[in-house]
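Asks: this one's structure only:
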């Protein structure tokens, strides 16, 4: 096997490997898009349910609490000048080159946002180190494993907010996750309390509305889910709360509802975090595929070059063969010519000799 043939075999195998990895990345991206689609639908459903709960809370406040909206009515803090905020700071999920950039952004953001009198609860070692560096008022610290245990995390955060608000220690609370929101290039964060007015329109096409990849759930299941969400929303919208028996009392129910909405805010942010991580994974897959495609183009160019070299080599070999053949033909003709000349001489000699003998 010639060098050209060996090069061609190596490049062909290289191209097949690149095509395989590109196909693998396409399959991986497809799966991530399906998960992303499901998470986005779950987020929309959660927002609709949370909006219904918030509307119920507003109705309760209007009818039973003279419009008061949070735990603050039982505390001592009642004016904006005394506003104090509690921040929950969460580590990044992964430790990589991207997280290092995010932690720098977290430090800059906290330096700009945190005011004297504000406090922080850190969940994770990195945000705790940042808070110590900035000399923030750290009232509690938890390992990152608390955040990974969703049930415990929701209860812990909701309870801290409830105690702080009821005792007039805080007037606001915000959750910040060390993850970039690619939709607005900001950190993932949300005001947990007081509640922001996040209005969500229930789309009649919600059951069939998808992102680029279709959901695997059957259409009838989507329709049933949509009907359930609509029924849930309509139930509270049409509820006459003055005719409801509140057990044990309306205040107990109100505080439970407030904690429920706080937990829904936290879950919403956790879903947003997952969505953003999925989008980052898609971007990294696209970058890898782009590099593979560029390498594939280079390999194809090399294959074309080797193919031309192979054709040139074949032409040279064929030319040499013809040249050898032509040379061999000239030698053969010369031998035949010499042999024929020799034969002619012999014939003439034979004829002459015969003539002489006939004359005797």
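Replies: Received the coordinates, thanks. The model shown is predicted, which means the values in this text are computed figures rather than measured ones.

Asks: what's the helix or strand for residue 44?
Replies: Taking DSSP states H and E as the definition, one finds residue 44 inside helix 3-64.

Asks: Partner strands of the helix or strand following that helix and their direction?
Replies: Next in sequence after helix 3-64, counting helices and strands by DSSP H and E, comes strand 85-90. If you go by DSSP bridges, strand 85-90 pairs up with strand 119-123 (parallel), strand 172-181 (parallel).

Asks: And the helix holding residue 44, what does it pack against?
Replies: Judged by 3 or more CB pairs under 8 Å, 6 or more residues apart in numbering; DSSP states H and E, helix 3-64 is in contact with helix 219-237, helix 250-359. Glycine gets a C-beta too; all of them are placed from N, C-alpha and C.

Asks: Check the ones you listed for me: which has the lowest mean pLDDT.
Replies: For those, the weakest mean pLDDT is recorded on helix 219-237, namely a mean of 69.

Asks: I'd assumed residue 245 was in a strand, is it?
Replies: No - going by DSSP: H, G, I helix; E, B strand; the rest coil, the assignment for residue 245 is coil, not a strand.

Asks: Tell me how far the helix holding residue 44 lies from the chain's centre.
Replies: Distance, stretch centre to chain centre, for helix 3-64: 6 Å (CA atoms, centre = their mean, to the nearest Å).

Asks: What of stretch 99-112?
Replies: So, by CA atoms, centre = their mean, the centroid of stretch 99-112 is 22 Å from its chain's centroid.

Asks: where does the stretch 1-150 of the chain have low pLDDT?
Replies: Applying pLDDT under 70 to the stretch 1-150 of the chain picks out residues 1-2, 4, 67-82.

Asks: buried stuff in stretch 254-262?
Replies: For stretch 254-262, a neighbour-count test (16 or more other CB atoms under 10 Å) marks 254, 258, 259, 260, 261, 262 as buried.

Asks: And for stretch 24-31?
Replies: 25, 29.

Asks: Just to check, residue 271 is in contact with residue 43?
Replies: Yes - using CB atoms under 8 Å, residue 271 is in contact with residue 43, at 4.8 Å.

Asks: Tell me what residue 121 is bridged to.
Replies: residue 88, residue 140.

Asks: Could you report the neighbour count for residue 66?
Replies: Per other CB atoms under 10 Å, the neighbour tally for residue 66 reads 8.
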